[in-house]
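Participant: For reference, the sequence and a predicted model appear below.
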Amino acid sequence: MPETKLIAEPGKQEIVIERVFDAPRELVFKAYTDPSLMTQWWSPRKYTVEVDKMDVRPGGTWRIDTRDADGNDYWFHGVYHDISPPDRIVQTFEFEGMPGHVSLETATFEDVDGKTKVTARSVFQTVEDRDGMLQSMEAEPAEVMNEVMDRLAELLQRLQKRISRAA
């Protein structure tokens with residue numbers, strides 16, 4: 001499977017994640033905006049994901065819980081600022097365990113020879129907030145993001161198989 005590229009340059013307030021998926025961008029966009037699909041890839045495998053709300057429209061809100069094996073909940077929420085299917089999603093992201101540390105996330109979906117390149121850019125209020133997010137991951141941040149993006153790639157493969165069987 002392709003590697004996920006995580007870019008976090010020292011002294012900058014952003015994290016950029018890039019990955020090319022072997023799926024049409026409409027399907028990749030749907031995986032980012034359909035609550036039943038988000039629960040299948042949005043976190044590392046050791047967590048279960050529950051979507052509390054996901055009102056995918058400008059001004060709409062989202063709230064997602066990740067739960068570990070011990071039953072600890074980690075809630076995240078935000079507001080959608082721009083939804084341009086199948087090209088772009090702009091939203092805020094905030095971990096409820098550390099309120100007030102909000103990032104602005106922009107995900108773009110680009111067609112590349114029938115595949116989809118996703119570029120997710122998170123801009124934090126400060127370099128310290130950005131570094132804190134990276135340090136909060138239990139493993140190396142690139143490994144965590146690669147696992148999450150691998151889960152998305154697996155989901156997209158399953159969805160495409162279902163679509164081709166139904167055709």
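Facilitator: Sure, I can see it. Small disclaimer: the values here were computed from a predicted structure and weren't measured.
Participant: close enough to count as contact, residue 68 and residue 45?
Facilitator: No - with contact defined as Cβ atoms under 8 Å, residue 68 and residue 45 do not form a contacting pair (11.3 Å). No exception for glycine: its C-beta is placed from N, CA and C like everyone else's.
Participant: These two - which one has more neighbours?
Facilitator: Neighbour totals were compared for residue 68 and residue 45, and residue 68 leads with 14 against 10 (other Cβ atoms under 10 Å).
Participant: From residue 64, how far out is the most centrally placed residue in the chain?
Facilitator: Nearest to the mean C-alpha position of the chain, counting by Cα atoms, centre = their mean, stands residue 42 at 6.0 Å. Noted for residue 42: a distance of 6 Å to residue 64, by Cβ to Cβ, to the nearest Å.
Participant: Strands of the chain, residue ranges please.
Facilitator: Assigned by DSSP state E, the strands in the chain fall at 5-7, 14-21, 48-54, 61-67, 73-84, 88-95, 102-112, 115-124.
Participant: which of the ones you listed sits most buried?
Facilitator: strand 14-21 (a mean of 20; mean count of other Cβ atoms under 10 Å).
Participant: thinking again about what came up before, and the strands of the chain: which comes nearest residue 35?
Facilitator: Within the strands of the chain, the stretch nearest residue 35 is strand 48-54; the backing value is 4.0 Å (Cβ to Cβ).
Participant: Please find the angle between the direction vectors of that closest one and strand 61-67.
Facilitator: On the basis of axes from the mean of the first three to the mean of the last three Cα atoms, to 10 degrees, strand 48-54 is oriented at 160 degrees to strand 61-67.
Participant: Point out where this structure drops to low pLDDT.
Facilitator: Applying pLDDT under 70 to the chain flags the ranges 1-2, 138-139.
Participant: which helix of it spans the most residues?
Facilitator: helix 141-166 (DSSP state H).
Participant: Also compute the angle for that helix relative to strand 115-124, please.
Facilitator: Put simply, helix 141-166 runs at 140 degrees to strand 115-124, going by the same axes, to 10 degrees.
Participant: circling back: can you check which residues contact both of residue 42 and residue 64?
Facilitator: Residues touching both residue 42 and residue 64 (Cβ atoms under 8 Å, 6 or more residues apart in numbering) are residue 49.
Participant: circling back: would you mark the buried spots in the longest helix of the chain?
Facilitator: 141-142, 144-153, 155-156, 159 (16 or more other Cβ atoms under 10 Å).
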